[in-house]
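Novice: What follows is a predicted protein model with its sequence.
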Amino acid sequence: MQKQLFPFENGLFVIRPTHLAFRLALLAFVGASQAVQAQPMQLPGAQPFNAPGTQQAAPPGTAAPAAPRAPTMPAIRVAGEEAIIGRVLRHNGGLGEAVFEKTATGFGLKLTADGFQSSNLVEPCAVSFGEAPLPVTSLGRPAGVPRYRLEAPICPIVFDVLDGAFLVVEPAQPCVVEAAACRIDPRGLWGPDARTLPARAKEIESARGVAERAVREGYRVLTAKADAVEQRAIAREQASFSAERELVCRSFQREGQLGFCGARLTEARAASIRARLGLSNEPAKAPVRPRPPRPAAPAPGAGPLPLTPQ
C-alpha cells in the first residue's frame, strides 16, 4: 500500500491511506458497526426478540390459554298439572273462577268467565260453563309446558299450565255467548287471588330473577347456534318479549307491586327456549352422598376398655 508522509502535523508524522482496497475495507467496517447498533438491546433474562409476523413459543411449563366456553342455558323447573289441581284460580287475580280437576278419564276444568254485556260493554256479566268440570284434551308441550284445549261449544279455549296458574292463549278474539248476551274474553293469566300474594313477595321475586337469567342465557345459546339471518330474527324476538309480557300482565291485579304474572310468563318463556334447544325442563338432581356409618353405642353398664400392656 502506498503511503504518503506528511511530517510534523501537530508534532507527529501522519500516515494517510491512498489505496482503494483499504478504503473499501474501512467502509465495510463502518456498515457492520451500524448493523450491530440497529439490533435492539436485550437485558439479561429477557425474552428473545421476535420479528414482526413470527410467533413466540410459550415458556416451558406454561399452560396454553383455555378455549372460550360455549354458552349454556341453566336448567329451570317447570311445574306440571299437579301445580294447579284443585286450586281456585281467578282471571287476572280477581274475577271469574276456574278449577282444574282430575277426572276418571283424565283432567277437566270447571270455569266461570267474566265479561261485559254485548249490548253495553261497561256493564259486567259472567258466564258459567257448567257445574261439572268439562273435559280437556292434552296437546302435548309445544311451548315447553303442558298445553290443553277446553272442549266448550260456547267458547273453546287453549291454555298452558304454569306454576300455580294457567295462561289462556286462544281464542284469538273474545267470545260472545248469545244465550247470556255476554261478551267474555278469557285470554290472559288465571292465577291465585291477588289479595293472597303479598305474603309470597320474596318467593315471587326470587323466581322471577332465576327465570330472567335463564331467558338471557337461552337467547345467547340460540344466537350462538344460528346464522346471520336467524340471529336478526332472534334479536327481534328477544326485544319484543318484554312488550308482550307487559301487554298480557298489565291487567293482573297488584302486578306493579308483586310481579306474579311477569314471573310466570318469564318462566314460560325460559321453558319454551329450552324446548327449542332440545333441553329438558327439569334440573339435574344432585348426587346423594352416602353418610358415614355412626359408631355403635356402648352396651349399658360397660366401662372403658382396659389398656393393653405393651
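Specialist: Structure received.

Novice: what's stretch 255-266 in contact with?
Specialist: Stretch 255-266 is contacted by residues 92-93, 162-165, 167, 189, 191-192, 194, 197-198, 200-201, 204-205, 207-208, 211-212, 215, 245, 248-249, 252, 254 when judged by C-beta atoms under 8 Å, 6 or more residues apart in numbering. Heads up, the C-betas are built off the backbone N, CA and C, glycines and all.

Novice: Which stretches in the chain count as helices?
Specialist: 20-38, 201-225, 228-249, 255-258, 260-276 (DSSP state H).

Novice: quick one: which of these is nearest T72?
Specialist: helix 201-225 (6.6 Å; C-beta to C-beta).

Novice: Specify the angle between the closest one and helix 228-249 in degrees.
Specialist: Orientation check (axes from the mean of the first three to the mean of the last three C-alpha atoms, to 10 degrees): helix 201-225 against helix 228-249 gives 160 degrees.

Novice: Between helix 260-276 and helix 201-225, find me the angle.
Specialist: Here helix 201-225 runs at an angle of 30 degrees relative to helix 260-276 (the same axes, to 10 degrees).

Novice: what helices or strands is helix 201-225 leaning on?
Specialist: The helices and strands touching helix 201-225, judged by 3 or more C-beta pairs under 8 Å, 6 or more residues apart in numbering; DSSP states H and E, are helix 228-249, helix 260-276.

Novice: Buried deepest among those helices, which one?
Specialist: Stretch with highest mean neighbour count among the helices and strands packed on helix 201-225: helix 260-276 (a mean of 24; mean count of other C-beta atoms under 10 Å).

Novice: got the CA coordinates for that one in PDB?
Specialist: This file holds the C-alpha atoms of helix 260-276, laid out as PDB (Å, rounded to 0.1, in the frame of the first residue of the first chain):
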ATOM      1  CA  PHE A 260     -96.600 -12.500  39.800                       C
ATOM      2  CA  CYS A 261     -97.800 -12.500  36.200                       C
ATOM      3  CA  GLY A 262     -94.400 -11.400  34.900                       C
ATOM      4  CA  ALA A 263     -92.600 -14.100  36.900                       C
ATOM      5  CA  ARG A 264     -94.800 -16.900  35.500                       C
ATOM      6  CA  LEU A 265     -94.600 -15.600  31.900                       C
ATOM      7  CA  THR A 266     -90.800 -15.400  32.100                       C
ATOM      8  CA  GLU A 267     -90.700 -19.000  33.400                       C
ATOM      9  CA  ALA A 268     -92.900 -20.000  30.500                       C
ATOM     10  CA  ARG A 269     -90.500 -18.200  28.000                       C
ATOM     11  CA  ALA A 270     -87.500 -19.900  29.500                       C
ATOM     12  CA  ALA A 271     -89.200 -23.300  29.200                       C
ATOM     13  CA  SER A 272     -90.100 -22.500  25.600                       C
ATOM     14  CA  ILE A 273     -86.400 -21.700  24.700                       C
ATOM     15  CA  ARG A 274     -85.200 -24.800  26.400                       C
ATOM     16  CA  ALA A 275     -87.700 -26.800  24.300                       C
ATOM     17  CA  ARG A 276     -86.400 -25.200  21.100                       C
END
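
Novice: Use 4 as the first number from now on
Specialist: Sure, I'll start counting at 4 from here, so that last one is helix 263-279.

Novice: average model confidence for it?
Specialist: For helix 263-279, mean pLDDT is 95.

Novice: Next: stretch 137-144.
Specialist: Stretch 137-144 carries an average pLDDT of 96.

Novice: same deal with stretch 165-178?
Specialist: The pLDDT scores in stretch 165-178 average 96.

Novice: What is the end-to-end distance of it?
Specialist: 24 Å (C-alpha to C-alpha, to the nearest Å).

Novice: What residues of it count as buried?
Specialist: L165, D166, A168, F169, L170, V171, C178 (16 or more other C-beta atoms under 10 Å).

Novice: Roughly how far does the nearest residue to Y222 once chain neighbours are set aside sit from I87?
Specialist: Among residues not flanking Y222 along the chain, Q241 sits closest, at 4.9 Å (C-beta to C-beta, 6 or more residues apart in numbering). Going from Q241 to I87 by C-beta to C-beta, to the nearest Å gives 29 Å.

Novice: Pairing partners for C128 in the sheet, please.
Specialist: Counting by DSSP bridges, C128 forms beta bridges with G118.

Novice: contacting residues for it?
Specialist: Contact analysis of C128 by C-beta under 8 Å, 6+ apart lists D117, G118, F119, Q120, A183, A184, C185.
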